[in-house]
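Participant: Quick one, what's the 3D model for this:
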Amino acid sequence: MRVVSLVPSLTEAVAVTAPGLLVGVTDWCTHPAGLDAARIGGTKNPDVAAITALRPDLVIANEEENRAPDLAALRAAGVEVLVTEVRTLDQAFRELDRVLRACGVPSRPDWLDRAEEAWAAVEPAGPPVTAIVPIWRRPWMVLGRDTFAGDLLARLGVRHLYADHAERYPRVPLDELVSRGADLVVLPDEPYRFTADDGPEAFPGTAAALVEGRLLTWYGPSLAEAPDGLLRALRAARR
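Facilitator: Numbers count the residues shown, from 1 in each chain. Below is the predicted model:
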């Protein structure tokens, strides 16, 4: 098969499981390192002509990461497009299974079994805590309702304070975020690259957990290492 992936998480899942299937990936597909495939633009602005020129048997996409008009243009060009929806961990496992089967992978990969086992064994980092989880600043945006990252955090004993918001990624003024009195602010390094010098200072007096964004938001082989990595960051922040 010839596969084009428009989703970094799914790129890694396919590349690790079935090397050689991918003929096109986005500019944001950073894993695995040294990936040998044509770059066809970003997740939000893929080059439809370049994709069709690759003659893919399948394009894999995601309803959140990719734009409906781009996917419609690919279908209009005669390309088969598989669109995933991932808003919980359980959904991620089901969708990964579906994508790999659609790519012709004959058997379930070991990394997917390890990931399910790792999350089944998860124990929270301590007593439940409340958190603000920014994903951007200028303007400030945070996790809202029905997000994959929010589901992972809940399994680790972290309740983010905008989980019931009407929007999935609401823009919230900083003064409102600070006034919520969260126990913790969780700062991933993507999509905005929060660091020790860029982020924690906005929440004085609040413990800050700097986490690897790939462990919090990617659904693929990184899921096997995500529980340990995220728990280490959460425990370090709460010391």
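
Participant: which of the residues in the lengthiest helix in the chain are buried?
Facilitator: Counting by DSSP state H, the longest helix found in the chain is helix 89-102. Neighbour-count burial for helix 89-102 flags 89, 92-93, 95-96, 99-100, 102 (criterion: 16 or more other C-beta atoms under 10 Å). Where you see a C-beta, it was placed from the backbone N, CA and C, and this is true even at glycine.

Participant: before we move on, what about stretch 163-179?
Facilitator: Residues 163, 165, 169, 172, 177-178 are the ones in stretch 163-179 that count as buried (16+ other C-beta under 10 Å).

Participant: could you give the mean pLDDT of it?
Facilitator: The predicted model assigns stretch 163-179 a mean pLDDT of 97.

Participant: can you list the residues that contact it?
Facilitator: Outside stretch 163-179, the residues within contact range by C-beta atoms under 8 Å, 6 or more residues apart in numbering are 132, 134-135, 139-147, 150, 154, 162, 202-204, 206.

Participant: and with 7 Å instead?
Facilitator: Defining contact as C-beta atoms under 7 Å, 6 or more residues apart in numbering, one finds that stretch 163-179 is touched by 132, 135, 139-147, 150, 162, 202-203.

Participant: Among those residues, list the two that are farthest apart in space.
Facilitator: By the measure C-beta to C-beta, the contacts of stretch 163-179 have their two most distant members at D146 and A202, which lie 25.5 Å apart.

Participant: Compare these two and say which one has the larger neighbour count.
Facilitator: Shown here are D146 and A202; by other C-beta atoms under 10 Å, A202 has more neighbours (18 against 14).

Participant: who's in contact with that one?
Facilitator: With contact taken as C-beta under 7 Å, 6+ apart, A202 is in contact with L174.

Participant: Next: V23.
Facilitator: 2-4, 37-38, 54, 56.

Participant: Neighbour-wise, which one of these leads?
Facilitator: Neighbour counts for those, by other C-beta under 10 Å, peak at V4, which reaches 29 neighbours.

Participant: got the buried residues for stretch 15-22?
Facilitator: The neighbour-count criterion (16+ other C-beta under 10 Å) identifies 15, 17-18, 21-22 as the buried residues of stretch 15-22.
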